[in-house]
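Engineer: Just need the structure, nothing else, for what follows:
(one chain, ligands or ions: 2)
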Amino acid sequence: MLALRYHYSVPRYLLGRLGSWLRPRHFFRRLAPLRLEEVPFRPPSPRWVILKSRLCGICGSDLNLLKGAESYLLEPYASFPCILGHEVVAEVAEAPPGSGFRPGERVAVNPLLPCRARGLPPCEACREGQENLCENFTQGDLAPGPLLGFHRQAGGGMAEYLAAPPESLVRLPEELSDEAAVLGDSLASALQPVLDHFPADSDTVVIYGAGIIGQQVLRALRTLGSSARLVMVARHPFQAELARAGGADIVLLSPSRRELGEALGARYLPTTLGGGNLEGGAHRFFDCVGSRASLQEGVVALRARGTYVLVGTAGRVGPVDLSSLWFRELRLCGSAMYGQGILRAQPRRTYELAVELLARPSYPRSGLLTHTFPLRDYVPAFEAAFDKRRHHSVKVALDPRR
Ligand SMILES: [Zn+2]
Ligand SMILES: [Zn+2]
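Structural biologist: Ligands and ions are numbered 1, 2, ... in the order given. Now for the predicted structure:
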C-alpha cells in the first residue's frame, strides 16, 4: 500500500532543526526524511480492526518532528520508521469476530497505545482512565510510542490502510462528516485541559495562540457553557477573525505587555528593564503556543494563585523570568493529549466527548479545516501547514483515497 513514512536519522533531524531556525515557516521538502512509498501492510495483532483511511489531519506534533523541535527526552517514546498521521477518520475494512464492528462503518480513531493495546494489565494511570498518562508506552507487545502515527508497527492515517484496537474506535453518526470528524484529535486535546481547569464564570481567561488548539480551547469553553471573560491572543488577522466567530470577548493581535494588561484589567507596573510587570491579571492562562515568549507572558499575566496550563508541546524554551511563580504563588500545569475528564460530575472519555460535540450542528467548526490534499500531494499539504501566514491555514488534512 502507499504510505507516507518518516525515516529518522540524527543528521537529518539536526538539519531540520537548523532549517527551521533559519526559515521557521518553510517546509524543506528535500531535507525532510519523508518518503511516499509502497510498504507492506501488517497489522500488529489479529485482534485489531483493519481500517481504510478516509482523511488524516496534519498535527502540530508532526510539524515539530520535521522541524527537529521535539524534546530529546521524548526520543524513547517513538519507534521508526513510522507512517505518519494520528488524526484519523477511517472506514472499517475488516473486523475480526467479536470486535463489535462491521465492514463499511465510519469511525474516528483514538490514536493512544496504552497498556490495553500492549497486552499488559493496566498501570495505575490506565486504571483511572488516564490512558494519556500510561506508564507503559515503552513496554509490552508493541514497540515504544504513545500514539499511532509515531510508531513503527501500528501504522498511521497517512496511508491507504491502518489497523487499530477495537476499543480505540469511535463510531461516527451519519450527520458527522469526515471533514468535521477529522477535528476530533485537536478538540480532544483542547477539551482535556478545559475540563481539568474549567474557569468560574467570573474569571478572566487568556487563550494564548490562535492556531487550531487555541481555537478549539475557545470553542470547548463556550460549548461547555463557560461565560468567563475570554481574551484571545492571535498572531495573524485571519486567526483573530476565527477567534471572534468562536466566541472570544477580546481578541488581541501580538499585543505588547501593556496592551495585554489593559485587556485583562490589570495594573501595568513599569520596570526599567524586562518590559514591565502586571498586577491583578488573569485567573487562567491556556498556553497554546509553548514558546519562551508565551511562558513569559503567561507567568506575568496571571494574578496571585492563577493557573498556567501548557497545552502546546514545548520542549526546551529559552530563559524565562519565573519570579512571578513564587511571588504570586502560581500553579504551572501541563496537559498531554487526552484521557478522561469530569463533565457535570460524570467521568467522560475525552475523545468520545469531542466526537459528540463536533456532531452538534451548533458547534462552530466552520473555517477550522482550511485545506485538504490528496496523499500524493503531501508536499503542498505540508507547505500549507508550515506557512500559516501565507496560506491562512488552520487544520490541513490529507485524503489517501484521492
Ligand atoms: Zn494531534
Ligand atoms: Zn497504562
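Engineer: ranges for the helices of this structure?
Structural biologist: In the chain, helices defined by DSSP state H lie at 10-22, 60-67, 124-127, 178-181, 184-196, 212-223, 237-245, 257-264, 292-301, 323-327, 350-358, 378-386, 388-391, listed in chain order.
Engineer: Throw these into a markdown table and include mean neighbour count, distance to ligand 2 and mean pLDDT, thanks.
Structural biologist: Backbone N, C-alpha and C define where each C-beta goes, glycine included. A markdown table is the format used below for the helices of the chain (neighbours: other Cβ atoms under 10 Å; distance: least, Cβ to the ion, whole Å; pLDDT from 0 to 100):
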| stretch | mean neighbour count | distance to ligand 2 | mean pLDDT |
| --- | --- | --- | --- |
| helix 10-22 | 14 | 28 | 79 |
| helix 60-67 | 22 | 20 | 87 |
| helix 124-127 | 15 | 3 | 97 |
| helix 178-181 | 21 | 26 | 97 |
| helix 184-196 | 27 | 17 | 98 |
| helix 212-223 | 27 | 25 | 98 |
| helix 237-245 | 19 | 36 | 98 |
| helix 257-264 | 19 | 39 | 98 |
| helix 292-301 | 22 | 29 | 96 |
| helix 323-327 | 14 | 31 | 95 |
| helix 350-358 | 23 | 16 | 97 |
| helix 378-386 | 21 | 31 | 96 |
| helix 388-391 | 15 | 35 | 96 |
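Engineer: got CSV for those helices, with distance to ligand 1 too?
Structural biologist: What follows is the helices of the chain, written out as CSV (distance: least, Cβ to the ion, whole Å):
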stretch, distance to ligand 1
helix 10-22, 19
helix 60-67, 5
helix 124-127, 20
helix 178-181, 14
helix 184-196, 4
helix 212-223, 9
helix 237-245, 18
helix 257-264, 28
helix 292-301, 19
helix 323-327, 29
helix 350-358, 11
helix 378-386, 12
helix 388-391, 16
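Engineer: So for Ala3, which of those helices sits nearest?
Structural biologist: Of all these, it is helix 378-386 that lies closest to Ala3, at 10.7 Å by Cβ to Cβ.
Engineer: What is that closest one packed up against?
Structural biologist: Judged by 3 or more Cβ pairs under 8 Å, 6 or more residues apart in numbering; DSSP states H and E, the packing partners of helix 378-386 are strand 34-38, helix 60-67, strand 369-374, strand 395-399.
Engineer: Strand partners (parallel or antiparallel) of the third one?
Structural biologist: So the one you mean is strand 369-374. Applying DSSP bridges, strand 369-374 is found paired with strand 395-399 (parallel).
Engineer: Counting neighbours, which bits of the partner strand end up buried?
Structural biologist: Across strand 395-399, burial judged by 16 or more other Cβ atoms under 10 Å covers 395-399.
Engineer: Any part of it near ligand 1?
Structural biologist: No - Strand 395-399 stays clear of ligand 1 (Cβ under 5 Å from the ion), getting no nearer than 9.9 Å.
Engineer: check contacts around Met1.
Structural biologist: By Cβ atoms under 8 Å, 6 or more residues apart in numbering, the contact set of Met1 is 38-41, 159-161.
Engineer: Show the pLDDT at the nearest residue to Leu162 once chain neighbours are set aside.
Structural biologist: Nearest residue to Leu162, sequence neighbours excluded (Cβ to Cβ, 6 or more residues apart in numbering): Gly155, at 4.0 Å. We have a pLDDT of 92 for Gly155.
Engineer: Now do Gly155: how many residues are near it, please.
Structural biologist: Residues contacting Gly155 under the criterion other Cβ atoms under 10 Å number 30.
Engineer: Check Ala143 too.
Structural biologist: Neighbours around Ala143, by other Cβ under 10 Å: 17.
Engineer: Relative to Gly261, how far out is it?
Structural biologist: Distance of Ala143 to Gly261, computed by Cβ to Cβ, to the nearest Å: 48 Å.
Engineer: you'd agree Ala93 is up against Pro103?
Structural biologist: Yes - the criterion here is Cβ atoms under 8 Å, and Ala93 meets it with Pro103 at 6.2 Å.
Engineer: Looking at these two, which is more packed in?
Structural biologist: Neighbour count, other Cβ under 10 Å: between Ala93 and Pro103, Ala93 has more, with 16 against 12.
Engineer: what sits against the more buried one?
Structural biologist: Ala93 neighbours (Cβ under 8 Å, 6+ apart): 50-52, 103, 161.
Engineer: From the geometric centre of the protein, which residue sits farthest away?
Structural biologist: Thr272 (38.0 Å; Cα atoms, centre = their mean).
Engineer: Could you list the domains of the chain?
Structural biologist: Domain assignment for the chain by automatic domain parsing gives 2-111+147-182+368-399, 186-336.
Engineer: Looking at those domains, spot the one closest to Arg344.
Structural biologist: Nearest to Arg344 among the domains of the chain is domain 186-336 (9.1 Å), distances taken as Cβ to Cβ.
Engineer: chain center to the closest one: distance?
Structural biologist: Distance of domain 186-336 from the chain centroid (Cα atoms, centre = their mean, to the nearest Å) equals 17 Å.
Engineer: Now the terminal residues of that domain, how far apart.
Structural biologist: Start-to-end span of domain 186-336 (Cα to Cα, to the nearest Å) is 12 Å.
Engineer: what's the answer for stretch 272-282, then?
Structural biologist: With Cα to Cα as the measure, stretch 272-282 spans 24 Å from end to end.
Engineer: cool, and stretch 197-216?
Structural biologist: End-to-end distance of stretch 197-216 (Cα to Cα): 15 Å.
Engineer: and what of stretch 215-231?
Structural biologist: Start-to-end, stretch 215-231 (Cα to Cα) is 12 Å.
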